[in-house]
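> this is a predicted model, with the sequence first.
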There are 4 protein chains.
Amino acid sequence: MSEEAYPTSLGTSDADSIRLLGHDLAGDLMGKVGFGELAFWLLAGRRPVAGEVRVFEAVLVALADHGFTPTAIAARLTYLSAPDSLQGALAAGLLGGGSRFLGVTEDTGLFLHEALSAVDGPLPTDDAGWDALALPLVQRTRKAGRYLPGLGHPVHKVQDPRTPRLVAICAEEGLRGPHLRLYEAIGRVHPQVLGRTLPLNGAGVCGAALADLGLPDDLLRGVALLAPAARLLGELAEERLRPVAMDMYLGIDRNAVEVPPAEGEIDG
Amino acid sequence: MSEEAYPTSLGTSDADSIRLLGHDLAGDLMGKVGFGELAFWLLAGRRPVAGEVRVFEAVLVALADHGFTPTAIAARLTYLSAPDSLQGALAAGLLGGGSRFLGVTEDTGLFLHEALSAVDGPLPTDDAGWDALALPLVQRTRKAGRYLPGLGHPVHKVQDPRTPRLVAICAEEGLRGPHLRLYEAIGRVHPQVLGRTLPLNGAGVCGAALADLGLPDDLLRGVALLAPAARLLGELAEERLRPVAMDMYLGIDRNAVEVPPAEGEIDG
Amino acid sequence: MSEEAYPTSLGTSDADSIRLLGHDLAGDLMGKVGFGELAFWLLAGRRPVAGEVRVFEAVLVALADHGFTPTAIAARLTYLSAPDSLQGALAAGLLGGGSRFLGVTEDTGLFLHEALSAVDGPLPTDDAGWDALALPLVQRTRKAGRYLPGLGHPVHKVQDPRTPRLVAICAEEGLRGPHLRLYEAIGRVHPQVLGRTLPLNGAGVCGAALADLGLPDDLLRGVALLAPAARLLGELAEERLRPVAMDMYLGIDRNAVEVPPAEGEIDG
Amino acid sequence: MSEEAYPTSLGTSDADSIRLLGHDLAGDLMGKVGFGELAFWLLAGRRPVAGEVRVFEAVLVALADHGFTPTAIAARLTYLSAPDSLQGALAAGLLGGGSRFLGVTEDTGLFLHEALSAVDGPLPTDDAGWDALALPLVQRTRKAGRYLPGLGHPVHKVQDPRTPRLVAICAEEGLRGPHLRLYEAIGRVHPQVLGRTLPLNGAGVCGAALADLGLPDDLLRGVALLAPAARLLGELAEERLRPVAMDMYLGIDRNAVEVPPAEGEIDG
């Protein structure tokens, strides 16, 4: 292959046909493949079966985050400033999809995957076995000063309602795999190590379920970006009909208070 | 309502529950609502019926654009430079969703909607009636020097395979409405005005179908951004496994030729 | 030139040297060219003289917008969500640089440029002459229902302090050219057409001054983006030391009120 | 302070005045403060003296990266797709400002700062002393398998011309401080550890010089983003007059080759 050739298996087109993922887009895919199914296929490089689609779409629904999140506000304010560029407002919102707010899904999947990779021998087959695996993992993680991803939530302090629901859906589809089992075990054993009980959060359970679907660790953030893309478009649709961004901006701006520079601004 | 209240119908949450679109997210939506269905709901503010979901998802599949588009290349190059920020690479790709490459869907929907709004009396009921409506519309548009959105394609010079397929899906679902009928009529009558035959392109037929679904004109671009979001994540997933961005960059950079400034750079 | 050659006059490099704008970057430019000067050079394709640099930098200072603008808030909220991606927070802020908040500079420059291009014969030489040119322009613009760019300000209702200052600087440097003269005349004559007196705003006077510097109309927005780039970095530097984004987010989120979908959400 | 107050020392405005950084914007800053000076002030929270401005602007010129970098190509392709949104094209280019291409400046500054912070006792006063400090640092870094930031360049394999020039400018201004001295020492001693001689690159020397200016480590990337902002606007100005993005896109797209999915796409 010469240096100018750029290989891809996603798709190409010629005068008469469009190919996507090795199939004829018009004849084989349109009207036959759902959008969630297509997204999974594009991300994983393989076509999911029906149960996998259901779990994947449940994850996407779960991650269509709720309330005026920082990303929702950023998207609305950008739309206020540049209403001629819907793509800019969407992009501004997605740019908040970083380590703090969207990283939990990715972090949890990676954490579980690493823990499972280190298991020497067969995986447990019952809850007691999973608990026996989870306990030293939680202990080691805490001792190393690392955080346990997927635990705790600022609002849902006792239980995140998405967690038991997603576990149930995975079980219905025969997709409650080792990542999810280990994650559930962490939920059972962590109180004896941490001394308090934290809920397994929705972002974390989504990471566990996606890892059980075989999605590569470093693309879980991709899933965690796709759901907000739909949500953010909904925010912009609502902003168009019932604008609140100007009030948000004015509410902040009129409370600005000029102060001297913060201490520590001149350091090295 | 005081000035500090920010109304929204998208969703809120409290300690025990998460509400999205007026429903309980965990109990009513997860596992029951597909991702395409959710996206439609968020954009349109109403839940679609099954036939609408099928058309909507067919549109999203059709718009998962093909080949190394400028947006796909921009996303891959950004991922090359900043592999630690998947969200940045996705955003960079989406920012190409502007007037030239993604605007056709929006322009076509708007054009058809305006034309239909100007009709005084009942709409046509057969092809001859639609042709009689389309012909003067094409003539007036051409006379005004405006372009006819949704006509022509750089690659699919005779027929865009997505167009007849989407029309068929809409017909199957009883959703071949007035926007689509008028668009098809433009496809039949334009040769006698323009003196040449252009294909009805995929982006245009998607705009017509979305307008028939009742999506607001100015949010059609939103749909045209959601499909690429999934596609771009697929590009980044592939770039991760089979990187080509470095070769693309080097292929361009080594062919850079230093020349004097272009004429006209100093103007007012 | 073969199809693979990509011409540029900005710069290239080889093993021993780096060229920028036709000069040796290390030997000729570093330590000798200021950043504002370099930015002008890159945008205009020609090196500015000292007076032009002073006016250009005064414009950049004037446009380093003030207070918690929507773009500043969007950047801070994005940094809150994704602190690992400074570039994403900067980009999110810049994406607000669209038609409404940053477009005035561009619109004013373009408006003045078009008006001057339409003048048949020599330009006026005194205020009375400029007023005679401005009056019918304002009348025609108003009659056509178009807005007059660069007039009015939500906060500075009588005078925007940047306007007389920039006019004075331009005059000092011998760069108070026709765009600025016409803009000043609009400031004098518009009350007799509009029936009220609006201030010439800072964004508008910057557009007029930039047009007098010979910058192309469609790149004035580029200047209006460069100044905020520095300002937004300042916002992020301050956010790092004295964080307020979490409070901004919480202040909005706790005032979210769930309401039914807005009327009109289901339209075509 | 109530929860609704948002403190800032950057600036506020009222009907008659605009304040920026504690000064009257129109009266005290416009026409008196250069753009590089303002940017330093915003980033560092203190006004730089003249020598600091010269070093800072030399850094910005040095970092106005050269050639068709991935970020330049991404910006041009985005402008091709969405010419109506200059801010989007700029943002797309800046989003490449991540770990790989722009991170060297930040990494080098941080590396040097950490090394200096660990010194117990007075800093060296001559080259021999700095070499004695640098040698074990290079040895420890290599032994730990960490990379040495700021060493090596894909094009400038022997010497990056920016490095000696920036050192000379810093020396002229009395600002050749400990970070720079240590960086220079690394340049002298690393061959005896690595077994080969690499150049001190331009991005690294900029990081060292900025650290000597007292800019906080985690904002060095901010400086490394500001310079490209100007450069990218220059790219877009050139693209407007002498477009090459379409050729770049076509050159890549016509060399797309459809292949089966990559091995390893289905993993966990």
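Alright, I've got the coordinates.
> when you work out contacts or count neighbours from here on, use the C-alpha atoms and nothing else.
Fine.
> in the stretch 1-150 of chain A, which spans are helices?
Remark: helices assigned in the stretch 1-150 of chain A by DSSP state H, counting those that start in this stretch are A:35-44, A:50-62, A:70-81, A:86-94, A:103-117, A:127-143.
> for the third one, output the C-alpha coordinates as CSV.
Which is helix A:70-81. Once non-C-alpha atoms are left out, helix A:70-81 reads as follows in CSV (Å, rounded to 0.1, in the frame of the first residue of the first chain):
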residue,chain,number,x,y,z
PRO,A,70,-22.7,22.9,33.7
THR,A,71,-22.7,21.6,30.1
ALA,A,72,-26.3,22.4,29.6
ILE,A,73,-25.8,26.0,30.8
ALA,A,74,-22.6,26.4,28.7
ALA,A,75,-24.5,25.3,25.6
ARG,A,76,-27.4,27.6,26.3
LEU,A,77,-25.2,30.6,26.9
THR,A,78,-23.2,29.9,23.7
TYR,A,79,-26.5,29.7,21.8
LEU,A,80,-27.5,33.0,23.3
SER,A,81,-24.3,34.6,22.0
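> name the residue closest to the centre of chain A, please.
The centroid of chain A falls nearest to A:Ala224 when counting by Cα atoms, centre = their mean (2.6 Å).
> and that residue, that's in a strand?
No - using DSSP: H, G, I helix; E, B strand; the rest coil, the secondary structure at A:Ala224 is helix, not a strand.
> hang on, the earlier thing: could I get the helices of the stretch 1-150 of chain A as TSV with distance to C:Trp130 and mean pLDDT?
Output for those, formatted as TSV (distance: least, Cα to Cα, whole Å; pLDDT from 0 to 100):
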stretch	distance to C:Trp130	mean pLDDT
helix A:35-44	60	95
helix A:50-62	61	97
helix A:70-81	33	95
helix A:86-94	40	95
helix A:103-117	60	94
helix A:127-143	75	97
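> looking at the ones you listed, which one is packed in the most?
Burial of the helices of the stretch 1-150 of chain A is given as mean neighbour count (mean count of other Cα atoms under 10 Å in any protein chain shown); helix A:86-94 ranks first at a mean of 32.
> how much space between the nearest residue to A:Pro124 once chain neighbours are set aside and C:Asp160?
Nearest residue to A:Pro124, sequence neighbours excluded (Cα to Cα, 6 or more residues apart in numbering or on different chains): A:Trp130, at 5.6 Å. Separation of A:Trp130 from C:Asp160 (Cα to Cα, to the nearest Å) stands at 68 Å.
> wait, A:Leu63 sits on A:Ala203?
Yes - using Cα atoms under 8 Å, A:Leu63 is in contact with A:Ala203, at 6.9 Å.
> neighbour count winner among these two?
Comparing A:Leu63 with A:Ala203 by neighbour count (other Cα atoms under 10 Å in any protein chain shown), the higher total belongs to A:Ala203, at 29 against 22.
> what packs against the lowest-mean-pLDDT helix or strand in chain A?
Within chain A, confidence by mean pLDDT, DSSP states H and E is lowest for strand A:11-13 among all helices and strands, at a mean of 82. Strand A:11-13 sits against strand A:18-20, strand D:256-258, with contacts defined as 3 or more Cα pairs under 8 Å, 6 or more residues apart in numbering or on different chains; DSSP states H and E.
> now the end-to-end length of stretch A:22-29.
Per Cα to Cα, the first residue of stretch A:22-29 is 10 Å away from its last.
> buried residues, that stretch. List them.
A:Gly22, A:Asp24, A:Leu25, A:Ala26, A:Leu29 (16 or more other Cα atoms under 10 Å in any protein chain shown).
> could I get the residues you listed as CSV with pLDDT and distance to chain C?
Below are the buried residues of stretch A:22-29 laid out as CSV (pLDDT from 0 to 100; distance: Cα to the nearest Cα, whole Å):
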residue, pLDDT, distance to chain C
A:Gly22, 90, 29
A:Asp24, 93, 31
A:Leu25, 94, 28
A:Ala26, 95, 26
A:Leu29, 96, 27
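> quick one: which of those residues is nearest chain B?
When those are compared for distance to chain B (Cα to the nearest Cα), A:Ala26 wins out at 5.2 Å.
> what's the closest non-adjacent residue to that closest one?
Spatial nearest neighbour of A:Ala26, chain neighbours left out: B:Arg162 (5.2 Å); criterion: Cα to Cα, 6+ apart.
> you'd agree that neighbour is up against B:Leu63?
No - between B:Arg162 and B:Leu63 there is no contact under Cα under 8 Å: 9.4 Å.
> overlap in contacts, those two.
B:Gly202 (Cα atoms under 8 Å, 6 or more residues apart in numbering or on different chains).
> which residues touch the nearest residue to A:Tyr79 once chain neighbours are set aside?
Take A:Tyr79 and drop its neighbours on the chain: the residue closest to it by Cα to Cα, 6+ apart is A:Ala89, 5.1 Å away. A:Ala89 sits next to A:Ala74, A:Ala75, A:Arg76, A:Leu77, A:Thr78, A:Tyr79, A:Ala82, C:Leu95, C:Gly96 when contact means Cα under 8 Å, 6+ apart.
> just the terminal-to-terminal distance for stretch A:144-153.
22 Å.
> nearest to B:Gly251 among the helices of the stretch 1-150 of chain A would be which one?
Using Cα to Cα as the measure, helix A:35-44 is the one of the helices of the stretch 1-150 of chain A that comes nearest B:Gly251, at 26.3 Å.
> which other helices and strands does the closest one contact?
helix A:50-62, helix B:35-44, helix B:50-62, helix B:220-241.
> against which helices or strands is the first one packed?
Right, helix A:50-62. Counting by 3+ Cα pairs under 8 Å, 6+ apart, helix A:50-62 packs on helix A:35-44, helix A:162-172, helix A:202-212, helix A:220-241, helix B:35-44.
> and if you look at the last one?
For helix B:220-241, the packing partners by 3+ Cα pairs under 8 Å, 6+ apart come out as helix A:35-44, helix A:86-94, helix A:220-241, helix B:50-62, helix B:70-81, helix B:86-94, helix B:103-117, helix B:202-212.
> A:Pro7: what's it in contact with?
A:Pro7 makes contact with B:Val244, D:Ala256, D:Val257, D:Glu258, D:Val259, according to Cα under 8 Å, 6+ apart.
> tell me the buried residues within those residues.
Looks like the contacts of A:Pro7 have B:Val244, D:Ala256, D:Glu258 buried, using 16+ other Cα under 10 Å.
> the last one and chain A, how far apart?
Computed as Cα to the nearest Cα, to the nearest Å, the D:Glu258 to chain A distance reads 5 Å.
> and that residue, what's its pLDDT?
At D:Glu258, the model reports a pLDDT of 87.
> would you agree it is in contact with A:Gly11?
Yes - here D:Glu258 reaches A:Gly11: they are 6.7 Å apart, a contact under Cα under 8 Å.
> turn the helices and strands packed on helix A:50-62 into CSV, including distance to D:Met248.
Conversion of these to CSV gives the following (distance: least, Cα to Cα, whole Å):
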stretch, distance to D:Met248
helix A:35-44, 25
helix A:162-172, 45
helix A:202-212, 37
helix A:220-241, 27
helix B:35-44, 34
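> out of these, nearest to C:Arg140?
Across the helices and strands packed on helix A:50-62, closest to C:Arg140 is helix A:220-241 (Cα to Cα), at 31.7 Å.
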